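>>> Structure here, sequence nowhere to be found:
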Ligand SMILES: CC(C)(C)CN1C(=O)[C@@H](CC(=O)N[C@@H](CC(=O)O)C(=O)O)O[C@H](c2cccc3ccccc23)c2cc(Cl)ccc21
C-alpha cells in the first residue's frame, strides 16, 4: 500500500479502500493485492463503476433524471463537488460521498484517468440504450454485456498495459478483453434469472427464451420445467463458447497479481455455470457457490495451467450430464469439446 512521506495513506484514499471492502466483499482483497500503480487505479475504477451501476440499478430514479445522469456521469470525475443523495440502493454511499472518489481519481496518473473516464463515458451511454426494455436478439445480449462488462475488460486491459506490468498487446486486443467481461456477465445473468424476473428486469435474450415460453416469467412455472431447463442449457452453452478466448487472454498475463485478479472471477464463473447447468434451482431460487468452495478455488489459481485444469474439470462435468432429450445436446457437446481442447 503506497504511503505518503508520513508513511500514511491520505484520508480520502483510506476512505476509498473502506468503500471497496464495503461494496465488493471477497474481491476487495484481490484488488488490494495488485502491484504498484494498478492497486489504486483499479480500486478507483471499481468504485466509479459501482457508482455508475448503482445509478443504472436504482428503479426509484425516473428516466428523465437517470438518462442524463448516465450520459454525463464521466463528467462528474472532473467535478469535485458532484454527489447524489436520492438513491435507495444498498451501495448508495459511493454516490453520496462521490467527492472522495473523485479526489483520488484526480490523484491518479493522467493515463489512468483517461482510460477510466473514456470507459465511463461509453458505459453510461450504452446503459441508456437498454433502460426499461428487455434484451431481444443474441446480438443485443452481446451488446448489453459489452456495455456493462466488456468495456470493463477493455478498460482494465488498458490499465494493465499502461502500468507496464503487462504487454502492450494485452491493452490492444479488445476482442479477448471484451469476451472476458461477457463470460462473467452472461454467467451473472443466467444465475440471477429469478431475482431479476421478480424485480421486473429481463436480461435473458428473447431470441432464446421465446422458443420455450410466451413470457420470460412463465419459465418459473413448474408446468414449464422441462422447457425452462432447455432454455437455461442453451444460454449456458452460449456462455461456454467464450472459454477459449478467456484462456487465451489469461495465457498472455505475466504479472502474478494481475493474473490472480483476472483468474479468480473466471473460475468462479465456470463453477457457477456448472452448478446452474440443467439445475431447476436456477428457476426457483438462487444458485450460489458456497464461501468455502470459493476460497478453495481462489487459493488454487496461481497459474494458467491450474486455471485450465479447473475449466477442464467443470466443462467435463457439464458434458457428462447433457440430457439426451435436450434440443441443444449436440451443440453443447461441440462447445464443450472445443473448450476442452484449449484446456
Ligand atoms: C459486471 C462485472 C462482471 C464487470 C463486475 N465485476 C466483477 O464481477 C468482478 C468480481 C467481483 O466483483 N466479484 C464480487 C461479486 C459480488 O459482488 O458478488 C465478489 O465480491 O466476489 O470482476 C470483474 C473483473 C475482474 C478481472 C478481470 C475482468 C475482465 C473483464 C471484466 C471484468 C473483470 C470486475 C472488475 C471491475 Cl474493475 C469492476 C467490476 C467487475
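Sure, I can see it. Here the structure is a predicted model, which is why all the values come from computation and not from measurement.
>>> ok, the residue nearest to residue 93 when sequence neighbours are not counted - contacts?
Take residue 93 and drop its neighbours on the chain: the residue closest to it by C-beta to C-beta, 6 or more residues apart in numbering is residue 19, 6.5 Å away. To be clear about C-beta, it is placed using only N, CA and C from the backbone, and glycine gets the same treatment. Shown in contact with residue 19 (C-beta atoms under 8 Å, 6 or more residues apart in numbering): 47, 50, 93-94, 97, 100-101.
>>> the bottom helix or strand of the protein by mean pLDDT?
Ranked by mean pLDDT, DSSP states H and E, the helix or strand of the chain with the weakest confidence is helix 291-299, at a mean of 82.
>>> in stretch 291-298, what counts as buried?
294, 297-298 (16 or more other C-beta atoms under 10 Å).
>>> where in the stretch 1-150 of the chain is pLDDT low?
Of all residues in the stretch 1-150 of the chain, those with pLDDT under 70 make up the ranges 1-7.
>>> Return the residues of the chain in contact with the ligand.
Applying C-beta under 6 Å from any ligand atom, we find that the chain lies next to the ligand at 24-27, 42, 45-46, 49, 148-149, 152-153, 156, 180-181, 184-185, 261-262, 265.
>>> one step back: so the next helix or strand after the least confident helix or strand of the chain versus helix 291-299, what angle?
Downstream of helix 291-299, the next assigned helix or strand under DSSP states H and E is helix 304-319. Per axes from the mean of the first three to the mean of the last three C-alpha atoms, to 10 degrees, the angle that helix 304-319 makes with helix 291-299 is 140 degrees.
>>> Give me the next element, helix or strand, following helix 304-319.
Next helix or strand after helix 304-319 toward the C-terminus (DSSP H and E): helix 329-342.
>>> which residues are contacting that following helix?
233-234, 236-237, 240-241, 243-244, 247-248, 308, 311-312, 315-316, 318-319, 322-323, 326.
>>> Pick out the residue of this protein closest to the ligand.
Relative to the ligand, the nearest point of the chain is residue 153 (3.0 Å; C-beta to the nearest ligand atom).
>>> Would you agree that residue is in contact with residue 180?
Yes: counting by C-beta atoms under 8 Å, residue 153 touches residue 180, with 4.3 Å between them.
>>> what about the least confident helix or strand of the chain, distance to the chain center?
Between the centre of helix 291-299 and the centre of its chain there are 18 Å (C-alpha atoms, centre = their mean, to the nearest Å).
>>> Check which helices and strands it sits against.
helix 256-276 (3 or more C-beta pairs under 8 Å, 6 or more residues apart in numbering; DSSP states H and E).
>>> Is it possible to mark the buried ones in the contacts of helix 329-342?
Buried among these (16+ other C-beta under 10 Å): 233-234, 236-237, 240-241, 243-244, 247-248, 308, 311-312, 315, 318-319, 322, 326.
>>> residues contacting the closest residue to residue 86 other than its chain neighbours?
Of all residues not flanking residue 86 in the chain, residue 61 sits nearest, at 7.0 Å (C-beta to C-beta, 6+ apart). Residue 61 makes contact with 55, 69, 86-87 under the criterion C-beta under 8 Å, 6+ apart.
>>> Quick one: buried ones out of those residues?
Buried subset of these (neighbour count, 16+ other C-beta under 10 Å): 55, 69, 87.
>>> Now do stretch 160-173: distance to the chain's middle.
Stretch 160-173 has its C-alpha centroid displaced from the chain centroid by 20 Å (C-alpha atoms, centre = their mean).
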